[in-house]
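A.B. asks: coordinates for the following, if possible.
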Amino acid sequence: QELTTALEKNPDDAEHYCQRAYAYILLQKYADAVADAKKSLELNPSNAVALLRKGLGEYHIKNYASALEAFREGQRLDTTQEYIQVSFESLQRRRLHNLSGQPVPVLCHPHNVDDTFTIWIKRCEETLNGKKKHIYLIKHLIRYDWYQTESQVIVTIMIKNAQKDDVSVQFSEKEMNASVRLPSGEDYNLKLVLLHSVVPEQSTFKVLSTKV
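C.D. replies: Prediction:
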């Protein structure tokens, strides 16, 4: 509530948007977190922390590709900013050494600031790779039968529990294109080039409990 009040007074404060995005993540309001992180980035595109918040929000609403993109960009910015900070501290130490003639101890050691990004990048990559393998497996488990007579062409797709609203079939004289939204949420697409021409206007399809 305090951050919201502060933003009402100063709607161009990138840091407050970034902080509120973190608060939304803690409250599991991930879509709101993404929206605030995006606003923070509009105001300050080089904010690596805002990219981390955006990535976390996207990940939890299962936008894994967008999350991965945010984490990678955040890691790139974070690493660059750390390099600039370390270079600046090194320059300062050299100047002090030249003035005093004595070596100046390192006051803060560089640390691996991109650990968090690395962890989440790996999670996104593993999730995306697993999803691709899952879709590949499903599509290769689905069979179809196809046979033609002089008067008919019959294609049967062996998909169980498909809903009529999730099935789309387009016919042309020499092709049939079928798209089925599977119960798992993925799309199955089948395109066949027919041996003989058909009449599209007389072509139709049926959705049964075990096949299309």
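
A.B. asks: which of the residues in stretch 17-26 are classified as buried?
C.D. replies: If you call a residue buried by 16 or more other Cβ atoms under 10 Å, then stretch 17-26 has these buried ones: 17-25. C-beta here means a position set from N, CA and C on the backbone, and glycine is covered the same way.

A.B. asks: residues touching V198, list them.
C.D. replies: Contact partners of V198, counting by Cβ atoms under 8 Å, 6 or more residues apart in numbering, are 153, 171, 173-174.

A.B. asks: which of those are buried?
C.D. replies: Applying 16+ other Cβ under 10 Å to these, the neighbour count classes 153, 171 as buried.

A.B. asks: from the buried residues of stretch 17-26, which land in helices?
C.D. replies: Members of the buried residues of stretch 17-26 lying in helices (criterion: DSSP state H): 17-25.

A.B. asks: how about the residues you listed in TSV, adding pLDDT?
C.D. replies: Formatted as TSV, those follow (pLDDT from 0 to 100):
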residue	pLDDT
Y17	84
C18	84
Q19	83
R20	83
A21	85
Y22	83
A23	83
Y24	85
I25	82
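
A.B. asks: need the residues you listed in JSON lines (columns: distance to L7).
C.D. replies: Formatted as JSON lines, these follow (distance: Cβ to Cβ, whole Å):
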{"residue": "Y17", "distance to L7": "7"}
{"residue": "C18", "distance to L7": "11"}
{"residue": "Q19", "distance to L7": "10"}
{"residue": "R20", "distance to L7": "7"}
{"residue": "A21", "distance to L7": "11"}
{"residue": "Y22", "distance to L7": "14"}
{"residue": "A23", "distance to L7": "12"}
{"residue": "Y24", "distance to L7": "13"}
{"residue": "I25", "distance to L7": "17"}
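
A.B. asks: ok, these vs I121, which is closest?
C.D. replies: I25 (17.6 Å; Cβ to Cβ).

A.B. asks: helices of this protein, start to end?
C.D. replies: Going by DSSP H, the chain shows helices at 2-9, 14-26, 30-43, 48-60, 64-100, 115-141.
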